[in-house]
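> Sharing a model that was predicted from the sequence below.
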Amino acid sequence: AQSVTQLGSHVSVSEGALVLLRCNYSSSVPPYLFWYVQYPNQGLQLLLKYTSAATLVKGINGFEAEFKKSETSFHLTKPSAHMSDAAEYFCAVSDWNNDMRFGAGTRLTVKP
Amino acid sequence: DVKVTQSSRYLVKRTGEKVFLECVQDMDHENMFWYRQDPGLGLRLIYFSYDVKMKEKGDIPEGYSVSREKKERFSLILESASTNQTSMYLCASSPPRATDTQYFGPGTRLTVL
């Protein structure tokens, strides 16, 4: 079965700094990969997804992620953090059978 | 906009009570899911349904059951609530393909005393 590991349960950056949230996956079949964001007291919403097309995926709010098969990674980046980016971020992997597995989550704090 | 609604944002129940959590989606999605969210564990799938009256167990189905009598509604039932079921419960829906996005409700924070 596939799985994801998110490195770092908490990440803190200054406003305007680079955001890098790490995600490594394990899958025996070509994976579909997702990043979701959860703002306080809300459900999850999709940031971006990789479904075997372009390896560099652009999402909402200036986020992007690159699928690297050789490194089994799908790290999320944003060039310049904004205070409104403070939230919890979840990486997820799915296969053709719709079996989606989520990582433990990374809480992003943005300091003024 | 896709909308997934959950019947309660906060719920407090006593040990042994039967608890119903309701989820409704308005986008005619085939798939519906119930997850449990706990700190440090991410989201864990309890049950999912890919059609009316169809259900599949997820990773942690023990102590839970589900019902899907209509396409838009998916209910999670705790037959006899226990304190270790205190958690955040998230419902989601999606079209049928594995590449499709799951759309989440706001969650129900359940406390079992």
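Thanks, I have the structure now.
> Only C-alpha atoms from now on, for both contacts and neighbour counts.
Will do.
> residue ranges with poor pLDDT in chain B?
Within chain B, the stretches with pLDDT under 70 are B:2.
> contacting residues around the residue positioned nearest the centre of it?
Residue closest to the average C-alpha location in chain B (Cα atoms, centre = their mean): residue B:34, at 2.8 Å. Residues in contact with residue B:34 (Cα atoms under 8 Å, 6 or more residues apart in numbering or on different chains) are B:45, B:46, B:47, B:48, B:76, B:89, B:90, B:91, B:92.
> again, 7 Å this time
Residue B:34 is in contact with B:45, B:46, B:47, B:48, B:90, B:91, B:92, counting by Cα atoms under 7 Å, 6 or more residues apart in numbering or on different chains.
> in the sheet, who's paired with the first one?
Spelled out, it's residue B:45. Counting by DSSP bridges, residue B:45 forms beta bridges with residue B:35.
> Next: the last one.
With beta bridges defined as DSSP bridges, residue B:92 has these partners: residue B:33, residue B:104.
> That one against residue B:103, yeah?
Yes. If you go by Cα atoms under 7 Å, residue B:92 and residue B:103 touch, sitting 5.2 Å apart.
> Find residues that contact each of these two.
What both residue B:92 and residue B:103 touch, as defined by Cα under 7 Å, 6+ apart, is the set residue B:4.
> Just the terminal-to-terminal distance for stretch B:89-100.
By Cα to Cα, to the nearest Å, the extent of stretch B:89-100 from end to end equals 21 Å.
> Of all the residues in that stretch, which ones are buried?
Within stretch B:89-100, the residues that count as buried by 16 or more other Cα atoms under 10 Å in any protein chain shown are B:89, B:90, B:91, B:92, B:93, B:94, B:95, B:96, B:98, B:99.
> can you list the residues of chain B near chain A?
Chain B comes close to chain A at residues B:40, B:41, B:42, B:43, B:97, B:98, B:99, B:103, B:104, B:105, B:106, B:107, as judged by Cα under 7 Å from any Cα of the partner chain.
> on that earlier part again, among the contacts of residue B:34, which one sits closest to chain A?
Closest approach to chain A among the contacts of residue B:34 (Cα to the nearest Cα): residue B:90, at 7.1 Å.
> From the chain's centroid, how far away is the host helix or strand of the closest one?
Assigned by DSSP states H and E, residue B:90 belongs to strand B:87-94. Taking Cα atoms, centre = their mean, to the nearest Å, the mean C-alpha location of strand B:87-94 is offset from the chain mean by 5 Å.
> contacts for that strand?
Strand B:87-94 is contacted from outside by B:4, B:23, B:25, B:29-38, B:100-111, using Cα under 7 Å, 6+ apart.
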